[in-house]
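A.B. asks: Structure for the following, please:
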Amino acid sequence: MSELGAAAAHPDYPMWSSLLRWSLAQGSDGTSASPQGPMSEEKRKFLEGALKAMGEDGAERQRAIFEAVQKYVDGAGDADACVDALEQLEDDAQDLDAARDLLKVGMLGLVLKAVDADDAAVSAAACGVVAVATANDAEVQNGAGQQAVDALLGAWRRSAAREDDGWGRRALHALCATTRNAPMEKRYVEKDACEVLKYALLRSATKDGARLAAKAAFALQALLADDPGRKTHLGSAINAATRHLEAPPLFADDVAADAARRQLREHCARAVARAGPPKRAEQCAAAAKRFLGDAARAAACEAEGVADSLAVLEGRES
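C.D. replies: Residues are numbered from 1 along each chain as shown. Next comes the predicted model:
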């Protein structure tokens with residue numbers, strides 16, 4: 001069992017003092033499975049210092065957070081209390097050191113158990129913690145590892161089965177943060193990314209769906225920006241992005257939904273332009289031109305969105 005799993009399974013896990021005793025007994029740095037052995041003085045000082053720095057109020061707050069998540073994972077807790085605790089963890093994880101602390105003490109393993117929850121609100125909140133903790137941090141990404149990717153893919157597929165686009169957006173955000181430039185990214189791109197992004201790109205009819213699709217389009221163009229050769233694994237997703245430029249824009253009586261669709265089209269344009277071949281970019285540019293006039297008459301902001309997409313495709317914007 002990995003140390004992430006061992007920490008979450010510890011019988012006294014909700015109690016911070018027990019968590020300290022558990023962690024002091026381990027021999028690795030908490031980022032990966034490894035044989036037990038003598039604990040480094042550096043880690044011992046970190047754990048003892050963390051408790052002292054918290055003080056009684058801080059330690060009690062952490063105990064309450066851990067207990068709320070653990071009780072729910074064990075089947076005896078309240079979903080609302082668990083969501084509230086996870087949202088507090090997400091706020092804490094904005095700090096880089098705090099995010100790494102979640103990994104060092106094993107709390108991230110418990111969060112991944114919450115990602116596996118069938119309750120959409122709990123799973124989405126847990127995805128939010130993973131996304132913030134792993135973003136731009138190789139140490140936490142590596143510690144989370146393929147275990148996190150598998151849990152997030154499971155959450156994504158459950159959200160898709162229920163057509164819950166808000167949950168899906170949180171899962172997709174976490175997948176992107178966890179895999180970006182990490183050892184797990186190659187497997188994700190070659191095996192799962194096309195399925196995930198294609199589905200998300202087709203969910204633009206509602207406000208939540210438009211926000212999900214925009215997130216997917218951004219993820220697609222980011223993957224292609226890092227390595228254009230990935231287009232061989234992302235063909236269906238690229239085709240889905242192309243269709244957003246070839247079809248008339250959708251309008252809604254909702255500023256947020258229209259803004260999300262504008263972002264969606266702009267990110268799709270960048271993705272298609274990066275993927276090539278040039279002939280495809282020319283086709284999309286021609287399609288954008290056809291709808292520019294109609295969009296301008298319908299709404300100024302929509303016209304700006306099409307114009308921005310057209311500028312990208314014609315090479316006027318990098």
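A.B. asks: Ala126 touches Leu108, doesn't it?
C.D. replies: No: in this structure Ala126 lies outside contact range of Leu108 using Cβ atoms under 8 Å: 10.1 Å. C-beta coordinates here come from the backbone N, C-alpha and C atoms, glycine included.
A.B. asks: who has more neighbours, the two?
C.D. replies: Legend: neighbour count by other Cβ atoms under 10 Å for Ala126 and Leu108, higher for Ala126 (33 against 30).
A.B. asks: What sits closest to the more buried one if chain neighbours are left out?
C.D. replies: What sits nearest to Ala126 in space, not counting adjacent residues and going by Cβ to Cβ, 6 or more residues apart in numbering, is Ala114, at 3.7 Å.
A.B. asks: list the contacts for the one you found?
C.D. replies: When the contact criterion is Cβ atoms under 8 Å, 6 or more residues apart in numbering, the partners of Ala114 are Val69, Tyr72, Val73, Cys82, Leu86, Val122, Ser123, Ala125, Ala126.
A.B. asks: Out of the residues you listed, who's the most crowded?
C.D. replies: Ala126 (33 neighbours).
A.B. asks: Please identify the helix or strand for that one.
C.D. replies: helix 120-134 (DSSP states H and E).
A.B. asks: Please work out which residues outside that helix touch it.
C.D. replies: Applying Cβ under 8 Å, 6+ apart, the set of residues contacting helix 120-134 from outside is 72, 79-80, 82-83, 86-87, 89-90, 93-94, 99, 102-103, 108, 111-112, 114-117, 140-141, 144, 148, 152, 155, 158-159, 162, 164, 166-167, 170-171, 173-174, 176-178.
A.B. asks: Toward the C-terminus, what is the element adjacent to it?
C.D. replies: Past helix 120-134, heading to the C-terminal end, the next element that is a helix or strand (DSSP H and E) is helix 138-161.
A.B. asks: tell me the pLDDT at the residue nearest to Ala126?
C.D. replies: At Ala114 the predicted local distance difference test score is 97.
A.B. asks: For it, which three-state class applies?
C.D. replies: Reducing the assignment to helix, strand or coil with DSSP: H, G, I helix; E, B strand; the rest coil, the entry for Ala114 is helix.
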